[in-house]
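>>> Okay, here's the prediction I keep looking at, along with the sequence it came from:
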Amino acid sequence: MSRLSRQTVRTSWAAYLGAFVALATGVVLIATTVNLLGSVDATLTRLGSAATDDQRQQLDDLTSMFGIMSAVSMFMALFVVGSTFGFVIATRRRELGLLRLIGATGPQVRRLVLGESMLVAVAASIIGCLVATPLAPPVLAVVRYVGLTDQHLVAPAPWLAWVIAAPAGIAVALLGAWRSSRRAATVPPTAALREAAIERGRPTPMQWIVGIVCLAAVITAAVIAGRTGPLFALIASVLLPEVVVIGLMCFGPLLIPRLAGLLARPFLGRDVTARIARDELRAAVRTTTSIAAPVLAISAIAGSMLLALSFTADWTSAQDRAQLHAPLIVQPGPGQEQRTLADIRADSSIRLVDQRRTMTVSVDEGGYEDEEIDAVEESTATAARGLHAVRGSLDDFHGHAVAVSKSWVSDSGKGLGDQLAVRLGGHRVDLRIVAVVPDAPDLYGDILLPADLVAHRLAEQPASELYLVLRPGTDTDAERKALGTRLADTGSTVLTANEWIDSVTDDTRRSNDLGLTILLGPAGFYAAIAVVNATLIGATQRRRQHRTLALLGATRDQLRRTAIWQATFITAAGLVLGGLTTIFFGVLTRHAIASDLAGTGVQPAMTIPWWPLAAIAAISGALAIVAAAAGARGQASG
């Protein structure tokens with residue numbers, strides 16, 4: 001059977017070429033993410049005990065970012081490769097049915113298909129790993145160049161990516177072929193012949209079960225998110241679009257061809273090729289679904305992340321506006337913190353100065369980890385930053401006490417009155433949670449310690465920002481100008497509250513854009529390849545129909561327009577489903593934000609990243625149309 005598998009792969013190489021490209025690219029993607037994660041450990045090992053707190057924090061942040069990127073990349077690879085292999089096997093049912101007619105048993109057909117898939121998978125995995133290995137140093141250099149870290153990341157040993165990416169590629173290829181091989185092996189020969197002409201247009205019982213479970217899980221999570229707050233909604237918007245994509249693709253044979261046909265309806269009376277395209281995509285159910293899959297996946301995942309992070313920036317901006325009482329904020333120049341503070345305190349128009357000072361402390365959260373905490377003077381923070389308790393009381397915020405944010409409570413499972421252990425001066429200190437405060441990450445962090453508890457360390461921690469409360473009757477603009485003149489030679493920046501909030505929000509959006517580029521860049525590139533690959537595979541499968549159309553009198557231009565219309569309708573269907581997914585999670589996040597800010601008197605803005613969302617749609621459509629035109633041209637010339 002292995003010899004026959006090799007022979008059939010050689011004779012059917014055109015059918016497997018697209019699957020080979022998809023799998024090899026997926027292995028490169030998986031191996032690259034493994035290299036990124038491994039580089040963090042390799043860099044920490046190189047630094048050893050000489051690593052500073054800042055370096056460890058940077059590397060921890062990179063670990064979190066690379067972890068999310070690896071999850072998204074792994075999903076895209078598994079989803080696209082599995083779909084492509086299943087598609088390729090399904091397009092060979094006529095050939096497999098003929099094998100049944102000449103006496104091949106079901107198990108023999110299944111072993112033949114799995115043997116072919118194994119050969120292609122091994123070859124693609126080897127090529128993918130060979131390509132990914134020399135890519136590791138340039139990719140790490142790009143990570144440093146774009147500003148994610150100032151560390152020189154060390155490339156891990158190449159075998160690490162090999163032992164993870166290669167088996168993953170082989171496994172997903174076999175999974176993609178397994179279900180289709182079973183279906184082709186169990187149907188009667190005559191049914192297999194009929195299925196080569198008329199594809200199944202309804203989900204299997206297993207697809208119904210998986211699809212219903214996925215969509216039910218998403219609805220359940222949405223209900224929970226509506227009750228638990230914006231943080232859970234944000235997490236849901238990052239992690240659950242993949243579940244929605246799986247659920248929708250389970251119903252894909254039933255849903256996508258009909259949706260594409262509905263989108264084609266306005267054009268049917270204008271161009272006969274549009275009608276031909278609509279009829280073909282309705283008949284070729286699996287082809288239509290497979291081509292729409294990568295478009296649906298990347299538009300749903302990227303769109304949901306874009307919208308969720310944009311709304312989250314609106315949320316933090318609204319929190320700042322709701323709580324910030326200080327009309328002026330000063331950002332001291334480097335090395336000029338003490339002088340700047342002295343000059344401000346000498347100003348009689350300023351009633352009080354609230355200093356934001358942060359430090360790294362080891363916190364016991366199931367194991368000691370370094371966390372950045374705020375050292376807070378309760379009286380000044382209340383007056384300047386609107387610090388207040390939603391549970392408990394800040395009257396007890398002194399000595400061995402700690403205040404935490406609502407998000408930290410949700411993440412840690414601890415609450416008011418519980419103990420939190422930290423290490424101060426090398427000694428364990430047990431603190432009692434005396435207050436839970438609102439989330440306001442731009443004004444203070446998740447963990448707040450009383451200034452008197454860490455007074456011995458505050459002298460070494462200059463303030464990053466100074467929040468100024470003016471005396472009654474003081475003109476804010478005039479005081480800002482006066483302070484700007486007085487502090488001109490210190491390199492300090494004086495901002496009004498609105499200017500500071502706008503500046504912080506802009507910085508947040510730039511960081512989000514950079515993070516999304518890193519998170520979605522590899523997956524987006526892979527999705528682009530998958531769109532082109534699936535479109536070209538679909539074009540080869542329609543060669544017989546187009547030859548028949550040519551015999552009936554269709555011109556080359558009509559065949560080309562038919563292929564372009566098909567790519568347009570299928571891509572539009574994928575974008576519509578991805579857009580509905582994006583809207584669903586956008587509404588979920590928006591509702592959670594509005595509920596969290598209810599009663600504050602501040603209405604959050606609603607900033608929609610139109611250009612990135614439009615770019616996803618435009619690039620997906622352009623790639624599919626260009627690939628369809630190229631495929632149609634190749635058919636016409638053949």
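Nice, I can see it.
>>> can you give me the helices in the stretch 1-150 of the chain?
Using DSSP state H, counting those that start in this stretch, the helices of the stretch 1-150 of the chain run over 2-11, 13-47, 53-91, 93-101, 106-145.
>>> Of all these, which one comes closest to N533?
Closest to N533 of the helices of the stretch 1-150 of the chain is helix 13-47 (C-beta to C-beta; 5.0 Å). Where C-beta positions appear, they are placed from N, C-alpha and C, glycine not excepted.
>>> gap between the closest one and the chain center?
Chain-centre distance of helix 13-47: 17 Å, with C-alpha atoms, centre = their mean, to the nearest Å.
>>> wait, isn't D396 in contact with V434?
Yes: counting by C-beta atoms under 8 Å, V434 is a contact partner of D396 at 4.1 Å.
>>> And the two? Which one has more around it.
V434 (23 against 15; other C-beta atoms under 10 Å).
>>> Kindly provide the distance from that one to T43.
According to C-beta to C-beta, to the nearest Å, V434 and T43 sit 39 Å apart.
>>> what do you get for V361?
Distance from V361 to T43, counting by C-beta to C-beta: 23 Å.
>>> where does the stretch 151-300 of the chain have low pLDDT?
Low-confidence segments of the stretch 151-300 of the chain (pLDDT under 70): 180-201.
>>> check which helix or strand covers V243.
helix 241-250 (DSSP states H and E).
>>> Could you do I518 as well?
helix 497-541.
>>> between that helix and helix 106-145, how big is the angle?
Angle of helix 497-541 versus helix 106-145, following axes from the mean of the first three to the mean of the last three C-alpha atoms, to 10 degrees, is 150 degrees.
>>> Show me what helix 497-541 packs onto, helices and strands only.
Packed against helix 497-541 by the contact rule (3 or more C-beta pairs under 8 Å, 6 or more residues apart in numbering; DSSP states H and E) you find helix 13-47, helix 53-91, helix 285-323, strand 328-331, helix 556-596, helix 610-637.
>>> Highest mean neighbour count out of those?
Of all these, helix 285-323 has the most neighbours on average by mean count of other C-beta atoms under 10 Å, namely a mean of 25.
>>> how big is the angle separating that helix from helix 241-250?
150 degrees.
>>> ok, then the element right after the top strand by length along the chain?
For the chain, the strand with the greatest residue count under DSSP state E is strand 350-364. In the C-terminal direction, the helix or strand that comes right after strand 350-364 (DSSP H and E) is strand 368-376.
>>> what helices or strands is the following helix or strand past that next one leaning on?
Once strand 368-376 ends, the next helix or strand along the chain (criterion: DSSP H and E) is helix 378-385. Applying 3+ C-beta pairs under 8 Å, 6+ apart, we find helix 378-385 packed against strand 350-364, strand 465-470.
>>> and helix 378-385, how far out from the chain's middle?
With C-alpha atoms, centre = their mean, you get 37 Å for helix 378-385.
>>> tell me which residues in that helix are buried?
By neighbour count on 16 or more other C-beta atoms under 10 Å, the buried set for helix 378-385 is E378, T380, A381, T382, A383, A384, R385.
>>> what do you get for stretch 465-478?
Across stretch 465-478, burial judged by 16+ other C-beta under 10 Å covers E465, L466, Y467, L468, V469, L470, T474.
>>> and the angle for the helix holding I518 with helix 53-91?
Angle between the axes of helix 497-541 and helix 53-91 is 30 degrees (criterion: the same axes, to 10 degrees).
>>> got the angle between helix 497-541 and strand 465-470?
Using the same axes, to 10 degrees: helix 497-541 against strand 465-470 is 140 degrees.
>>> mind checking how far helix 497-541 is from the chain centre?
Distance of helix 497-541 from the chain centroid (C-alpha atoms, centre = their mean) equals 8 Å.
>>> per-residue confidence averaged over it?
Averaged across helix 497-541, the pLDDT comes to 80.
>>> Look up how far T25 lies from the closest residue to D370 other than its chain neighbours.
With C-beta to C-beta, 6 or more residues apart in numbering as the criterion, D370 has its nearest non-adjacent residue at 5.1 Å, and that residue is T360. The spacing between T360 and T25, counted by C-beta to C-beta, is 41 Å.
>>> One more: D557?
For D557 relative to T25 (C-beta to C-beta), the value is 33 Å.
>>> before we move on, what about P294?
With C-beta to C-beta as the criterion, P294 and T25 are 11 Å apart.
>>> what touches both of the two?
A530 (C-beta atoms under 8 Å, 6 or more residues apart in numbering).
>>> Now tabulate the buried residues of stretch 465-478 in JSON lines and tack on distance to D502 and pLDDT.
Formatted as JSON lines, the buried residues of stretch 465-478 follow (distance: C-beta to C-beta, whole Å; pLDDT from 0 to 100):
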{"residue": "E465", "distance to D502": "15", "pLDDT": "92"}
{"residue": "L466", "distance to D502": "18", "pLDDT": "93"}
{"residue": "Y467", "distance to D502": "16", "pLDDT": "95"}
{"residue": "L468", "distance to D502": "18", "pLDDT": "94"}
{"residue": "V469", "distance to D502": "20", "pLDDT": "93"}
{"residue": "L470", "distance to D502": "20", "pLDDT": "93"}
{"residue": "T474", "distance to D502": "22", "pLDDT": "90"}
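>>> To what extent is A346 buried, counted in neighbours?
Residues lying near A346 (other C-beta under 10 Å) number 9.
>>> Disregarding residues adjacent in the polypeptide, which is nearest to L239?
Counting by C-beta to C-beta, 6+ apart, the residue nearest L239 is A71, at 7.9 Å.
>>> looking at this, A554 is in a strand?
No: counting by DSSP: H, G, I helix; E, B strand; the rest coil, A554 is not part of a strand but coil.
>>> what about it, neighbour count?
18.
>>> List the contacts of the residue nearest to C214 when sequence neighbours are not counted.
Leaving aside its sequence neighbours, C214 sits nearest to G247 (C-beta to C-beta, 6+ apart; 3.3 Å). Listed by C-beta under 8 Å, 6+ apart, the contact partners of G247 are V210, G211, I212, V213, C214, L215, V218.
>>> quick one: G247 from L254, how far?
G247 is 12 Å from L254, by C-beta to C-beta.
>>> now swap in G515 and tell me
Computed with C-beta to C-beta, the distance linking G515 and L254 is 36 Å.
>>> repeat for A622
Using C-beta to C-beta, one gets 28 Å for the distance from A622 to L254.
>>> Also T360?
54 Å.
>>> Looking at the two now, which is surrounded by more residues?
More neighbours surround L254 than the other of T360 and L254, with 18 against 15 (other C-beta under 10 Å).
>>> Name the residues of stretch 487-494 that come out as buried.
Under 16+ other C-beta under 10 Å, the buried positions of stretch 487-494 are L487, T490, S492, T493, V494.
>>> cool, and stretch 231-239?
For stretch 231-239, by 16+ other C-beta under 10 Å, it's L231, F232, A233, L234, A236, S237, V238, L239.
>>> Among these, which lie within helices?
Using DSSP state H, L231, F232, A233, L234, A236, S237, V238, L239 are the members of those that sit in helices.
>>> nearest to E372, of those residues?
L231 (17.8 Å).
>>> gap between the closest residue to that closest one other than its chain neighbours and D489?
Excluding the flanking residues, the one nearest L231 by C-beta to C-beta, 6+ apart is S407, at 4.7 Å. S407 sits at a distance of 40 Å from D489 (criterion: C-beta to C-beta).
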